[in-house]
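1. coordinates only, sequence not included:
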Ligand SMILES: C[S@@+](CC[C@H](N)C(=O)[O-])C[C@H]1O[C@@H](n2cnc3c(N)ncnc32)[C@H](O)[C@@H]1O
């Protein structure tokens, strides 16, 4: 349930940032519909034929991209979303220890280190972590290969901030998502922040961003165009050459804002603010949530 007293709800934001990198995140066709608290239709992705955990498929994706010599495995959160997170990082009055969940290629983590945070960035995909270690060398930035649902080795109450740019929505199964949020809550100190940017269904985009009708329809079509979990081929321009990369389809849980809030709340967080944004011209709609572990 949405905690109205504490939740700051903003309308839709569109950061006017162009992305020169192909931005590909094709979710699965929605298969079922039910009424949400927003009174709209809730879209849920189908269970793909490839039921391996998403990070296993991501590992294949990173490998395919690197084998093709594509410099940035884009299509994940891309630069547009990273830019949105910048505001959160920049406006904190105090820095501290920060954990980046599902860091991908580490661009957000590197940005946080530049801003003065002491960063541990984790991802379950070994190739991504290897790439991160090669690419980013800031002295206050560490990378570790780990599953966000298995963080027993990380001390409780040891981080001031947690970032989640597109990791929560990779945990399609709610039970797995709960396990992750349990760890996220545990490793944060009381008062610590969890900042998330994760996909929402088109109906949430419509409800939160009523003036973005065309883009909402685009997003709705985008969600439904991927029907069967078949491998995806992306085209990249690399040094004047066109390179095709085929990789497994990865799916995402299109949790509405209320559903995201309710999972966070059940894990013990207090959600301070929520908004739905579309960060750039070719970007999907995502919820930007700021939650805290109560002091
Ligand atoms: C959509 S990408 C986002 C990457 C990065 N945060 C960004 O903004 O570019 C999701 C990332 O989450 C990672 N991931 C998915 N499930 C995970 C898990 N259980 N544990 C750790 N990482 C996971 C994937 O390997 C992938 O790199």
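-> Sure thing, it's come through. Owing to the predicted nature of the structure, the values given are computational and were not obtained by experimental measurement.

2. where does residue 280 land on pLDDT?
-> Turning to residue 280, the model gives it a pLDDT of 77.

3. Can you name the helix or strand that the nearest residue to residue 213 once chain neighbours are set aside falls in?
-> Among residues not flanking residue 213 along the chain, residue 206 sits closest, at 7.7 Å (CB to CB, 6 or more residues apart in numbering). Placement of C-beta: from N, CA and C, glycine included. Assigned by DSSP states H and E, residue 206 belongs to helix 202-208.

4. Which neighbouring elements make contact with the very next helix or strand once past that helix?
-> From helix 202-208 onward toward the C-terminus, using DSSP H and E, the following helix or strand is helix 213-225. In this structure, helix 213-225 packs against helix 202-208, with contacts taken as 3 or more CB pairs under 8 Å, 6 or more residues apart in numbering; DSSP states H and E.

5. Could you pull up the mean pLDDT of the helix it packs on?
-> For helix 202-208, the per-residue pLDDT averages 96.

6. Check this protein for me, the residue farthest from its geometric middle.
-> Residue farthest from the centre of the chain, counting by CA atoms, centre = their mean, is residue 240 at 30.4 Å.

7. pLDDT score assigned to that residue?
-> You'll see residue 240 listed with a pLDDT of 89.

8. residue ranges of the strands in this structure, please?
-> Listed in chain order, the strands of the chain (DSSP state E) span 8-13, 30-35, 41-45, 97-101, 118-123, 141-145, 159-165, 188-199, 232-238, 241-247, 270-277, 286-292.

9. Can you tell me which of those strands is packed in deepest?
-> Comparing the strands of the chain by mean neighbour count (mean count of other CB atoms under 10 Å), strand 97-101 ranks first with a mean of 27.

10. I figured residue 98 hits residue 110, correct?
-> No: the criterion here is CB atoms under 8 Å, and residue 98 misses it with residue 110 at 11.7 Å.

11. for residue 81, what are its contacts?
-> When contacts are counted by CB atoms under 8 Å, 6 or more residues apart in numbering, residue 81 is found next to 165, 166, 197, 279, 280, 283, 286.

12. what does the stretch 51-200 of the chain put close to the ligand?
-> Applying CB under 6 Å from any ligand atom, one finds that the stretch 51-200 of the chain approaches the ligand through 54-55, 58, 76-77, 81, 102-104, 108, 123-125, 128, 147-149, 165-167, 170.

13. List buried residues within the residues you listed.
-> Buried members of these, counted by 16 or more other CB atoms under 10 Å: 54-55, 58, 76-77, 81, 102-104, 108, 123-125, 128, 147-149, 165-167, 170.

14. Stretch 134-148 spans what distance, first to last residue?
-> Stretch 134-148 has an end-to-end distance of 22 Å (CA to CA, to the nearest Å).

15. Next: stretch 144-156.
-> So stretch 144-156: terminal residues 17 Å apart, CA to CA.

16. so where's the protein shaky on pLDDT?
-> Within the chain, the segments meeting pLDDT under 70 span 1-48, 72-79, 226-228.

17. Name the residue closest to the centre of it, please.
-> So for the chain, CA atoms, centre = their mean, it's residue 166, sitting 1.0 Å from the centre.

18. Relative to residue 115, how far out is the nearest residue to residue 94 once chain neighbours are set aside?
-> Closest residue in space to residue 94, ignoring its immediate chain neighbours: residue 160 at 7.7 Å, by CB to CB, 6+ apart. Distance, residue 160 to residue 115, using CB to CB, to the nearest Å: 13 Å.
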